[in-house]
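In: based on what follows, work out the 3D shape:
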Amino acid sequence: MYRKSLSGEAGQQALSAVIQFLEHSSTLVEFFTDQRPVKDMSDERIMKLSIAYNWYKSWEKQVCQNDTISRRYKSLLTMETREDLDFMYHGIMSLITFCIEVLKTEVVPARLNSDIIENIFCQQRSLYHGPTTHPTYNSYRTGINCCFRTVFSIQKE
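Out: I've put the predicted structure just below:
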């Protein structure tokens with residue numbers, strides 16, 4: 001009824017855009033609250049997650065390429081939120097791929113949070129850098145490789 005009450009095509013388009021945003025946001029929430037394990041890369045939830053992520057990226061690209069919008073950044077999520085979406089998507093896809101293809105185990109999305117990542121950073125810093133708050137790229141790279149071998153019991157090839 002609300003849609004019918006809107007006058008003009010601009011109002012209709014705005015409402016449709018809001019509905020799309022909510023649908024894709026709901027996909028993210030549904031994925032990360034799902035208690036069912038992801039057992040293979042062809043899981044329908046992974047495909048839905050990819051579709052939602054690609055929608056966000058196409059929205060960003062469309063707004064950034066539109067020269068008629070004077071303050072483009074006001075038409076998008078914040079830069080930090082967009083970066084978080086990138087990190088979240090690429091991180092979860094890498095984790096799921098690694099767990100399924102290398103470790104031969106499944107992943108329960110609802111059990112994931114940033115604590116494991118924070119734990120790895122804390123271990124990496126405490127085990128390999130001590131109180132150093134600004135490690136160099138090379139020292140951090142060496143430490144993180146050692147940390148991952150420790151956490152995942154991966155043998156050095």
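
In: what's the helix or strand for His24?
Out: With elements taken from DSSP states H and E, the one containing His24 is helix 8-32.

In: so for that helix, mean pLDDT?
Out: Taken as a whole, helix 8-32 has a mean pLDDT of 85.

In: so what does that helix touch, helix or strand wise?
Out: Contacts defined by 3 or more CB pairs under 8 Å, 6 or more residues apart in numbering; DSSP states H and E place helix 8-32 against helix 2-5, helix 44-65. Just so you know, the C-beta spots here come from the backbone N, C-alpha and C atoms, and that holds for glycine as well.

In: repeat the analysis, applying 6 Å as the threshold.
Out: Applying 3 or more CB pairs under 6 Å, 6 or more residues apart in numbering; DSSP states H and E, we find helix 8-32 packed against helix 44-65.

In: which positions in the helix it packs on come out as buried?
Out: 46, 49, 52-53, 55-56, 59-60 (16 or more other CB atoms under 10 Å).

In: for these, which one is nearest Ala110?
Out: If you rank the buried residues of helix 44-65 by distance to Ala110 using CB to CB, Leu49 comes first, at 13.7 Å.

In: just checking, the closest one touches Phe31?
Out: Yes: using CB atoms under 6 Å, Leu49 is in contact with Phe31, at 5.2 Å.

In: check Lys156 and give its pLDDT.
Out: Listed pLDDT for Lys156 reads 43.

In: cool, and Val38?
Out: Looking at Val38, its pLDDT stands at 95.

In: now swap in Met79 and tell me
Out: The model reports Met79 with a pLDDT of 85.

In: run through who's touching stretch 47-64.
Out: For stretch 47-64, contacts defined as CB atoms under 6 Å, 6 or more residues apart in numbering pick out 24, 27-28, 31, 72, 75-76, 85, 89.
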